[in-house]
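Peer 1: Quick one, what's the 3D model for this:
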Amino acid sequence: MNEAHISLTGYVASEPKIKAIREGVQNLSMRVAWTPRWLDRATGEWTDGNTSYVTVTCWRKLADNVAVCLRKGDPVVVKGRLSVRSYDDKQGVPRTSVDVDATSIGHDLSRGVALFQRTRPPTGKTAAEYAAELATGGGYPADAADANGFATDPAAVASVDEAAGLAAVGGGGLLAEADGTAAREMFDEDAIAALARETAGAAAPF
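Peer 2: Here you go, the predicted structure:
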């Protein structure tokens, strides 16, 4: 197959925009940028190179999850199919468009910490709609697990509530308590330092 696959790291340069193409099919687009840096040995200072931009497109479930999880400024890792095309803008000036049809996207954990929550939306609901339902106080069944596989023991419920709180706080990039109040920044030095302290005395498994 004549396809070029690419993996890149950068940051979200524009707010992700999602739209419905047809029933059950969502499309999301956003700009991802990166700026190379190098150490100037003559001055001992870091120098920034030119910033490059690429348009990233997501489809279906990936589009739903990206809309819930990513905001402008988030560091990301993107993998997908690369395409480059030339066109003329409205003023007739030749332009080049670089696009990536994403197959997977994740937070760049070299830049911070993140919380992962597997989504199992009911039939007919997107991940965003399901997260919104949890965030508005949707109850849990009394059985050991609901029809979507979510455990209802206290620890599991707390985990799901935390994910719902994250969706409720949304654009601020904050984690949240079960009641939806902001708890801490998702990407901050305090969180990283706390994790380092917790694991400092742990014995290596080998």
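Peer 1: Where do the strands of the protein begin and end?
Peer 2: Using DSSP state E, the strands of the chain run over 4-12, 17-22, 25-34, 37-40, 45-48, 52-59, 75-88, 94-107, 174-176, 182-185.
Peer 1: possible to save the ones you listed as JSON lines with mean neighbour count?
Peer 2: Every C-beta, even on glycine, is put in place using the N, C-alpha and C of the backbone. Putting those into JSON lines (neighbours: other C-beta atoms under 10 Å) gives the following:
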{"stretch": "strand 4-12", "mean neighbour count": "15"}
{"stretch": "strand 17-22", "mean neighbour count": "11"}
{"stretch": "strand 25-34", "mean neighbour count": "18"}
{"stretch": "strand 37-40", "mean neighbour count": "9"}
{"stretch": "strand 45-48", "mean neighbour count": "9"}
{"stretch": "strand 52-59", "mean neighbour count": "18"}
{"stretch": "strand 75-88", "mean neighbour count": "15"}
{"stretch": "strand 94-107", "mean neighbour count": "15"}
{"stretch": "strand 174-176", "mean neighbour count": "20"}
{"stretch": "strand 182-185", "mean neighbour count": "14"}
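Peer 1: Is V84 in contact with T96, as I believe?
Peer 2: Yes: V84 lies in contact with T96 (C-beta atoms under 8 Å); the separation is 6.5 Å.
Peer 1: Figure out which of the strands of the chain is closest to E129.
Peer 2: Closest of those to E129 is strand 25-34, at 10.8 Å (criterion: C-beta to C-beta).
Peer 1: what about T96, distance to L109?
Peer 2: 32 Å (C-beta to C-beta, to the nearest Å).
Peer 1: Point out where this protein drops to low pLDDT.
Peer 2: 1, 120-127, 130, 137-206 (pLDDT under 70).
Peer 1: Domain map for it?
Peer 2: Domain ranges of the chain: 1-111, 113-206, per automatic domain parsing.
Peer 1: who touches stretch 98-114?
Peer 2: By C-beta atoms under 8 Å, 6 or more residues apart in numbering, the residues outside stretch 98-114 that reach it are 6, 8-9, 32, 52-59, 62, 66, 69-70, 74-85, 186-188, 191-192, 195.
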